[in-house]
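1. Predicted model and sequence below, questions to follow.
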Amino acid sequence: MADAVHSDVVIIGASAAGLAVAACLQREGVPSVKILEKADRIAVSWRSHYDRLHLHTARQHSALPGLPMPADYPKYPSRDQVVSYLENYASHFGLKPEFGQEVISVEQQNGHWLTRTRDKAFQSSKIVFATGYNRVPNMPEWPNRDHFGGEILHSSSYKNGQSFKGKKVLVIGFGNSGGEIAIDLHEHGAEPSIAVRSAVNIIPRDILGLPILSVGIFLSKFSSTTSDRLSAPLLNFIIGDLTRYGLRKLPYGPITQIRREHRVPLLDIGTVALIKKGAIKVRPGIRQFLPDGVEFDDHTREIFDAVVCATGYSPDLKPFFANSGGVLDRAGAPVKSGVESERPGLYFCGYYISPNGMLREIGIEAQHISQDIRSKLG
């Protein structure tokens with residue numbers, strides 16, 4: 001295409017995955033790389049998370065290739081420290097994303113990839129999607145949701161619990177965001193409850209001072225079943241029986257859950273202790289909303305002032321493709337991440353839910369992708 005900007009590689013997204021791929025391509029000697037970012041700065045997804053957020057994986061396992069996290073960072077860096085690290089990472093490698101470039105379509109033409117934004121077109125031999133697994137918030141529909149008179153917000157819009165002081169707040173969802181938001185609400189003087197629809201797994205962030213990620217890396221050499229069998233006695237000892245508090249345990253362990261469901265169990269940073277104290281109450285799933293609260297699946301009713309939906313996200317990459325050609329699943333998530341897809345020249349980085357930490361997995365995938373691209377560019 002005559003009016004297109006030409007490069008060897010186009011990377012879509014300028015957060016951890018996009019920056020890591022760009023840095024690794026630079027180290028591999030790939031000369032021409034364009035990073036496209038729809039926002040006006042890097043790491044927008046990290047900047048928009050709630051204030052209390054810290055990495056749930058330890059600093060030493062969370063650095064991207066080529067630049068360690070600062071030694072004076074705590075074991076579990078804060079949201080703002082991660083943003084600062086990503087800014088320093090881009091500066092260290094001289095990465096200069098093109099901001100304000102919202103990609104609206106990609107298509108393969110004559111052996112090349114044509115990427116269109118609102119006002120430009122880019123042609124490349126290879127293209128890497130690095131828009132993140134948390135691109136689109138999932139907001140389920142519940143009967144009579146619009147009849148609820150209080151505030152309903154997705155966790156992507158939650159910043160802190162200051163405005164909820166003295167209020168009864170229902171958090172829907174028992175993932176890491178839901179667990180930490182419930183803690184934050186409690187710390188700000190709210191009365192939090194968590195609606196938990198399904199059976200769960202819970203793992204501690206640390207075991208005897210050792211980050212759980214270090215244990216997970218060791219266990220990754222075994223099958224899911226073996227890993228879960230080896231870790232079960234210790235997890236049972238640390239977490240205990242939570243059925244008396246309204247939580248049901250999955251019939252399989254956390255490693256099997258991650259690999260089967262592509263969903264990370266709750267990494268406990270204090271939620272369980274507050275549940276045991278009664279400071280956070282566990283409730284069943286939602287049957288319907290009421291004008292002043294909710295009715296749960298067990299038909300009990302309760303009044304709430306506000307609801308926070310920690311109901312996760314979707315990568316939802318279908319809008320980019322007129323025809324994804326089998327590289328995406330029904331939910332719009334890549335079938336493969338970290339390797340070349342079924343369509344030559346098309347890669348995805350950062351879409352594999354890893355039991356060993358997302359930033360660590362992103363670094364591994366970025367290196368694999370850059371090496372593969374280098375070998376195929378010649």
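-> That came in fine, so what should we check first? Numbering: from 1, shown residues only.

2. use CA for all of it now, contacts and neighbours both
-> Fine.

3. Can you list the helices and strands that the lengthiest helix in the chain packs against?
-> As assigned by DSSP state H, the longest helix anywhere in the chain is helix 358-377. Using 3 or more CA pairs under 8 Å, 6 or more residues apart in numbering; DSSP states H and E, the elements in contact with helix 358-377 are helix 16-27.

4. The helix or strand bottoming out on mean pLDDT in the chain versus helix 358-377: what angle between them?
-> Least confident helix or strand, the chain: helix 212-219 with a mean of 75, by mean pLDDT, DSSP states H and E. With axes from the mean of the first three to the mean of the last three CA atoms, to 10 degrees defining the directions, helix 212-219 sits at 50 degrees from helix 358-377.

5. Mind listing what's buried along helix 212-219?
-> Across helix 212-219, burial judged by 16 or more other CA atoms under 10 Å covers 212-214, 216, 219.

6. Tell me the one among the residues you listed nearest to Ala121.
-> Leu213 (41.3 Å; CA to CA).

7. tell me the contacts of that closest one?
-> Applying CA atoms under 8 Å, 6 or more residues apart in numbering to Leu213 gives the contacts 57-58, 61, 205, 355-357.

8. Break the chain into its domains for me.
-> 5-135+315-377, 137-309 (automatic domain parsing).

9. any idea which of these is most buried?
-> domain 5-135+315-377 (a mean of 19; mean count of other CA atoms under 10 Å).

10. how about the helices in the stretch 51-200 of the chain?
-> If DSSP state H, counting those that start in this stretch is used as the criterion, the helices of the stretch 51-200 of the chain fall at 79-92, 176-187.

11. got the angle between the first one and helix 16-27?
-> Our comparison of helix 79-92 with helix 16-27, counting by the same axes, to 10 degrees, yields an angle of 20 degrees.

12. repeat for the last one
-> Computed by the same axes, to 10 degrees, the angle separating helix 176-187 from helix 16-27 equals 130 degrees.

13. contacting residues for Ala4?
-> Applying CA under 8 Å, 6+ apart, one finds that Ala4 lies in contact with 120-123.

14. Which pLDDT value goes with the residue lying closest to Gln371 once chain neighbours are set aside?
-> Excluding its sequence neighbours, the residue lying closest to Gln371 (CA to CA, 6 or more residues apart in numbering) is Glu28, at 6.8 Å. Glu28 carries a pLDDT value of 97.

15. For Glu28, give me its contacts.
-> 370-371, 374.

16. Which stretches in the stretch 151-300 of the chain count as strands?
-> 151-154, 168-172, 191-195, 202-204, 206-207, 210-211, 266-268, 281-283, 286-290, 293-296 (DSSP state E, counting those that start in this stretch).

17. Direction included, what does the helix or strand following the last one pair up with?
-> For strand 293-296, the following helix or strand on the C-terminal side (DSSP states H and E) is strand 301-303. Sheet pairing for strand 301-303, assigned by DSSP bridges, gives strand 293-296 (antiparallel).

18. Only alpha carbons, please: show the strand it pairs with as PDB.
-> The C-alpha trace of strand 293-296 is given here as PDB (Å, rounded to 0.1, in the frame of the first residue of the first chain):
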ATOM      1  CA  GLY A 293     -30.400  -4.600  47.400                       C
ATOM      2  CA  VAL A 294     -30.200  -8.200  46.000                       C
ATOM      3  CA  GLU A 295     -31.800 -11.600  46.300                       C
ATOM      4  CA  PHE A 296     -29.200 -14.400  46.400                       C
END
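
19. List of residues touching it?
-> Against strand 293-296 from outside (CA under 8 Å, 6+ apart): 148, 150, 283-289, 301-305.
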